[in-house]
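Q: Provide a 3D model corresponding to the input given below.
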Amino acid sequence: MLGERGLYDLSRLDLVARSTLNGAAQQEVTRFLLGLANPEQAATAGLYGKYLFASGQDLSKIVYSFTLYEKSPQGMLLRVQADNLNQPFDINQQTRLDLGSTAKFRTLISYLEVVARLHGQYAGLSTSKLGELAQPRRDVLAQWVAAHLASAQDKSLKATLEAAMARRYSAAPQVFYTGGGEHVFANFNKDDNSRVMDVWEATRNSVNLVYIRIMRDIVQHYLEASPGAASRVIDDAGNPQRQLYLLKFVDQEARVCMRRFYQRHEKSSATDMAADLYQRARQNPRRFTALFRYLEPRADWSAYLAALRQSLPATASMQESVLRKLYEQNAPEAYSLADRGYVTQIHPLEIWLVGYLRANPGVDFEEAFSASAKERVQVYDWLLAANKKNAQDIRIQSLIEVEAFEALHKDWKRLGYPFNNLTPSYATSIGSSGDRPAALAELMGIIVNDGVRLPVTSLHSLDFAVGTPYETRLRLRNPQPERLLPKEVAQVARKALGLVVETGTAVRLHGAIKDAAGNAVPIGGKTGTGDHRYVRYGAGGQLLEARAVNRTATFVFYLGDRYFGTFTALVPGRDAENYQFTSSLTAQILKTLLPRLQTSLLPETLKVTVATPPASQTEAVPTPTEEDLPEQPTQMSVDIPLQRGPAKRATEAREGTAHEVQPRDENAAPGGFPDDLEPVLLPAAGSKPSDTVK
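A: Purely as a prediction, here's the structure:
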């Protein structure tokens, strides 16, 4: 922040820094997390059982990280940042983690944002025009919004979003074509396989197949909005963009294949490269001959015969006339490169690449790839034929899907997604693209603040050289709000997240904190369990290797009307193989931890308050305007009624990992003051105190 090179240089500064951390809460959380390595304390916290820890497991291997922010007129203030990892590494911001079903949180926001965007486009249209737009089409979300607005009495955005949450989806498994191939997904709870449910329930219980289908609808919406919309390119065989997409597919697939071939052969001699291909001819004289005549086009009959007998000794018993016929039939000009690949059962581009590397030793991959332009088109010539429309459609669809995910990524990035790409597959909705806890907390902060982003800060002030002629004070600037989502999107999302705690995958957290009257303090969020594995398959699809990389359990949450944050449990490395906990672990820990923080974070909930008079006897509270946001951010409204008195706890919905249900800024200038702090100059002797210098 200050551009100092190390702690020694920092310690030489006459500086007093005041952080936003709540000291009491920070100490309490740190002490609690460190104690969880003790089996007795873990047992006291209820951490043994189904979806939690098993008896005898080494609890010292788990890394815990808890981050809590508070919404305030000064921005989003960091109140707690604690872990049990005595290292500078921060798992919240410095790594890409598989956080499982927390991706459904981002997918839900995208779903609601698309509906809100379509509502803005269609709300002013006539009934007849809406009827036209409501006809069956690939963009089913656009079709649904048009049909809803054409028939609904309440056409407001809030009503439309809630109706969108009531849309019903099948949770049945099926084969999905996405990510360039066929994929099968499964639910954590097999009882869901035969059910149809609305988005409220799918969010509450974290149902995979519903969210896979929601992502399919989202992707289809972006597909139709792309320059190469599927309905125009795929349906119209004469569309000129088809050829462009097919050539793009050829280049992409060929690059992937040729890079693999290059890595296999780049360090081999010319003799060894040829020997590798000959060995893969599997003692077949025709395959060997087809390879030899391509790699050694100038070799005469005697050279061929010697090489054949050396590589395939069994051919010594074959008649010379048969071998001479093979020699002539496989002449260099006899086959196209694609046909030679068919005969040899070796990818034709690998055959070409070996020939090129033997003739041009030491060339890099890009040079070899550029030289293969003509051969790439030859190899994929079959795909460009007019009678191959079905094969073309499949490949064009995969490319347009990539474009759709690129557009979706821009919207995720705008809402704080930390990485530069998404996995172009429906599996992104259940966690395949990864995330960071800090980025999820940023998104939750936007939702808590009714769709408005306020800057996150961990400092109140910096005071340099206090009591000297050089005294300088820096204070926070007024935060600049940025509206990113309609407030209705945020409010409906909060309602859905509240159900996760009320009756869903985090139900054990319901009522964890209560006020003096016994009412539950509202808590909502999204759970996620990640099981990151390295998996390697053989050529026939058989599993060759599978090992754990890490295991995570995460809960991104809001607490009351102004707090939000994340809690993550992580087992890094191969030790993860020994643990089977799910996000139930983080919910159970928070159930024990949050009441310990009530005095320091929510003291107002411990006071007995006078009952609120009926609405007819109260004055209406004006809705804050956009101009009010820097000084007074809008307060969070929760549509879920408070639970009064004891209540029967709902059964916790099961959540696991996808594997268990499926077969710093380099451009920043160093030094200087932080951008979000302003200097405060002390008044000269005898003058009046001054405000912050603008």
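Q: and the gap between N330 and W301?
A: 12 Å (CB to CB, to the nearest Å). Any C-beta I mention is one placed from the backbone N, CA and C, and that applies to glycine too.
Q: higher neighbour count, the two?
A: N330 (23 against 12; other CB atoms under 10 Å).
Q: Let me see the contact set for the more buried one.
A: Residues near N330 by CB atoms under 8 Å, 6 or more residues apart in numbering: R286, T289, A290, F292, R293, V343.
Q: Buried subset of the residues you listed, written for ChimeraX?
A: The ChimeraX selection below is limited to those of the contacts of N330 classed as buried (16 or more other CB atoms under 10 Å):
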select :289,290,292,293,343
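Q: Now tabulate the contacts of N330 in a markdown table and tack on secondary structure and pLDDT.
A: Supplementary listing: the contacts of N330 in a markdown table, determined by DSSP: H, G, I helix; E, B strand; the rest coil; pLDDT from 0 to 100:
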| residue | secondary structure | pLDDT |
| --- | --- | --- |
| R286 | helix | 92 |
| T289 | helix | 94 |
| A290 | helix | 93 |
| F292 | helix | 94 |
| R293 | helix | 94 |
| V343 | helix | 89 |
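Q: Of the contacts of N330, which is the nearest to L141?
A: V343 (49.1 Å; CB to CB).
Q: Not counting residues beside it along the chain, what's closest to that closest one?
A: Once flanking residues are discounted, V343 sits nearest to A290: 4.6 Å by CB to CB, 6 or more residues apart in numbering.
Q: Under the pLDDT cut-off, which ranges of the stretch 251-400 of the chain? List them.
A: The model of the stretch 251-400 of the chain has pLDDT under 70 over residues 382-389, 391-397, 399.
Q: just the helices in it please.
A: Remark: helices assigned in the stretch 251-400 of the chain by DSSP state H, counting those that start in this stretch are 270-279, 285-295, 301-311, 320-329, 337-344, 348-359, 365-371, 373-379, 389-414.
Q: Can you check which of the ones you listed gets nearest to D450?
A: helix 389-414 (16.6 Å).
Q: following the closest one, which helix or strand shows up next?
A: helix 437-448 (DSSP states H and E).
Q: Now find how far off-centre that next one is within its chain.
A: Centroid displacement of helix 437-448 relative to its chain, using CA atoms, centre = their mean, to the nearest Å, is 14 Å.
Q: again with stretch 511-528
A: The answer for stretch 511-528 is 28 Å, by CA atoms, centre = their mean.
Q: longest strand anywhere in this structure?
A: The residue-count maximum for a strand in the chain (DSSP state E) belongs to strand 543-559.
Q: helices or strands next to that strand in the packing?
A: Other elements packing on strand 543-559 under the criterion 3 or more CB pairs under 8 Å, 6 or more residues apart in numbering; DSSP states H and E are helix 437-448, helix 487-503, strand 523-537, strand 563-572, helix 584-601.
Q: Is it possible to get TSV of the helices of the stretch 251-400 of the chain that adds distance to Q580?
A: Shown next, in TSV, are these (distance: least, CB to CB, whole Å):
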stretch	distance to Q580
helix 270-279	43
helix 285-295	48
helix 301-311	52
helix 320-329	58
helix 337-344	46
helix 348-359	42
helix 365-371	42
helix 373-379	46
helix 389-414	30
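Q: which one of the ones you listed has the most crowded surroundings?
A: helix 285-295 (a mean of 22; mean count of other CB atoms under 10 Å).
Q: Just the mean pLDDT for stretch 496-505, thanks.
A: The average pLDDT for stretch 496-505 rounds to 97.
Q: Can you give the contact residues for that stretch?
A: With CB under 8 Å, 6+ apart, stretch 496-505 has contacts from 101, 105, 108, 165, 199-200, 203-206, 447, 506-507, 509-510, 522-527, 557-558, 583-584, 587, 638-640, 643, 650, 652-655.
Q: what comes up buried for stretch 559-570?
A: Buried residues in stretch 559-570 (16+ other CB under 10 Å): L559, G560, R562, Y563, F564, G565, T566, F567, T568, A569, L570.
Q: what residues does stretch 287-305 touch?
A: Contacts for stretch 287-305 (CB under 8 Å, 6+ apart): 274, 277-278, 281, 307-308, 311-312, 323-324, 326-327, 329-332, 334-335, 340, 343-346, 351, 354-355, 358.
Q: residues in contact with the residue nearest to D463 when sequence neighbours are not counted?
A: Setting aside the residues directly before and after it, D463 is nearest to V16 in space (CB to CB, 6+ apart), at 4.4 Å. By CB under 8 Å, 6+ apart, the contact set of V16 is L462, D463, V466.
Q: Dihedrals phi and psi, the first one?
A: With angles defined as degrees, to the nearest 10, L462 sits at phi -130, psi 130.
Q: hey, what's it bridged with?
A: Beta-bridge pairing for L462 (DSSP bridges): A17, L474.
Q: tell me, how many neighbours does it end up with?
A: L462, neighbours per other CB under 10 Å, totals 21.
Q: From what I see, it and L13 are in contact.
A: No: assessed by CB atoms under 8 Å, L462 is found out of contact with L13, at 9.6 Å.
Q: and L52, how many neighbours?
A: 21.
Q: who touches it in this structure?
A: So L52 contacts G46, F581, S584, L585, Q588 (CB under 8 Å, 6+ apart).
Q: that's a strand at the second one, yeah?
A: No: secondary structure assignment (DSSP: H, G, I helix; E, B strand; the rest coil) places F581 in coil, not in a strand.
Q: show me the contacts for it.
A: So F581 contacts Y51, L52, F53, T529, R551, A553, A569 (CB under 8 Å, 6+ apart).
Q: just checking, I218 touches E113?
A: No: counting by CB under 8 Å, I218 stays clear of E113, with 9.3 Å between them.
Q: which ones are touching A490?
A: I446, I447, V448, N449, D450, G451.
Q: Buried among the residues you listed? Make that a PyMOL selection.
A: Here is the PyMOL command that picks out the buried ones among the contacts of A490, judged by 16+ other CB under 10 Å:
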select buried, resi 446+447+448+449+450+451
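Q: how about CSV for the contacts of A490, with pLDDT added?
A: Listed next are the contacts of A490 as CSV, based on pLDDT from 0 to 100:
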residue, pLDDT
I446, 98
I447, 98
V448, 97
N449, 97
D450, 97
G451, 97
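Q: Show me which pair in the contacts of A490 is furthest apart.
A: For those, and using CB to CB, no pair is farther apart than V448 and G451, which are 9.8 Å apart.
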